[in-house]
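Participant: Predicted model and sequence follow; I will ask about them next.
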Amino acid sequence: MGDDEKRNRAITARRQHLKSVMLQIAATELEKEESRREAEKENYLAEHCPPLHIPGSMAEVQELCKQLHAKIDVAEEERYDMEVKVQKSGKELEDMNQKLFDLRGKFKRPPLRRVRMSADAMLKALLGSKHKVCMDLRANLKQVKKEDTEKERDLRDVGDWRKNIEEKSGMEGRKKMFESES
């Protein structure tokens with residue numbers, strides 16, 4: 001057991017070492033990803049948002065505010081136009097869905113279920129109540145005469161059970177039973 005224990009410990013130690021190395025690599029990759037995102041964010045802000053220079057005099061500040069308000073108005077107009085386009089597209093989509101629904105039919109088709117029906121009921125449902133079709137499947141069958149079995153004959157021949165018991169009572173009855181069996 002000494003060798004097995006040493007081998008198991010070595011395997012466990014190797015696993016722990018590999019796990020710690022993988023975690024270190026993952027941590028460095030996360031740091032690189034975070035720094036890359038920060039750089040992308042700074043580049044985007046530098047392109048789209050130039051640095052703000054706050055002027056010293058009141059007239060310059062008012063002029064800056066007017067420019068910012070004009071930019072806000074342009075952005076709001078674009079937003080409003082986009083919203084109108086989206087609403088118009090949504091309305092067109094609803095109209096097309098309604099047309100599609102009308103073309104298919106007013107009702108949704110329910111899932112079909114198995115229904116037990118007789119042949120007559122099925123023909124009546126298919127052909128309507130005007131046609132009276134009788135599907136009597138037993139009408140065309142042959143009549144088969146049942147042959148009498150020996151037990152049935154014996155039961156018919158027995159007749160009244162009291163007489164039968166009187167006949168079979170005593171030694172004579174037993175003798176008759178043995179004679180009739182052989």
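Facilitator: Yes, it's here.
Participant: list the buried ones in stretch 64-83?
Facilitator: Buried residues in stretch 64-83, counting neighbours by 16 or more other C-beta atoms under 10 Å, are absent. C-beta: built from backbone N, CA, C; applies to glycine.
Participant: Give me the neighbour count for Lys124.
Facilitator: For Lys124, the count of nearby residues is 17 (other C-beta atoms under 10 Å).
Participant: if I look at it, how far off is Ser118?
Facilitator: Using C-beta to C-beta, to the nearest Å, Lys124 is found at 9 Å from Ser118.
Participant: What of Glu92?
Facilitator: Distance from Glu92 to Ser118, by C-beta to C-beta: 52 Å.
Participant: Likewise for Thr28?
Facilitator: Note on Thr28: its distance to Ser118, by C-beta to C-beta, is 79 Å.
Participant: and what of Gly2?
Facilitator: With C-beta to C-beta as the criterion, Gly2 and Ser118 are 83 Å apart.
Participant: before we move on, what about Val21?
Facilitator: When distance is defined by C-beta to C-beta, Val21 is 77 Å away from Ser118.
Participant: What's the first helix or strand after the host helix or strand of Glu60?
Facilitator: Glu60 is part of helix 58-104 when elements are defined by DSSP states H and E. Using DSSP H and E, the helix or strand that follows helix 58-104 towards the C-terminus is helix 119-127.
Participant: Poorly predicted segments of this protein, please.
Facilitator: When residues are selected by pLDDT under 70, those of the chain lie in 1, 106-110, 129-140, 144-182.
Participant: let's go with 90 and repeat that
Facilitator: Low-confidence segments of the chain (pLDDT under 90): 1-10, 43-65, 68, 97-182.
Participant: Now stretch 83-94: buried residues?
Facilitator: In terms of neighbour count (16+ other C-beta under 10 Å), stretch 83-94 has no buried residues at all.
Participant: Can I get that stretch in CSV, CA atoms only?
Facilitator: What follows is stretch 83-94, C-alpha atoms only, in CSV (Å, rounded to 0.1, in the frame of the first residue of the first chain):
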residue,chain,number,x,y,z
GLU,A,83,-39.6,55.7,-32.7
VAL,A,84,-42.1,56.7,-35.4
LYS,A,85,-40.4,54.2,-37.9
VAL,A,86,-40.5,51.4,-35.2
GLN,A,87,-44.2,52.1,-34.5
LYS,A,88,-45.0,52.2,-38.2
SER,A,89,-43.2,48.9,-38.8
GLY,A,90,-45.0,47.3,-35.8
LYS,A,91,-48.4,48.4,-37.2
GLU,A,92,-47.5,47.0,-40.6
LEU,A,93,-46.5,43.7,-39.0
GLU,A,94,-49.8,43.5,-37.1
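Participant: Thanks a lot, see you next time.
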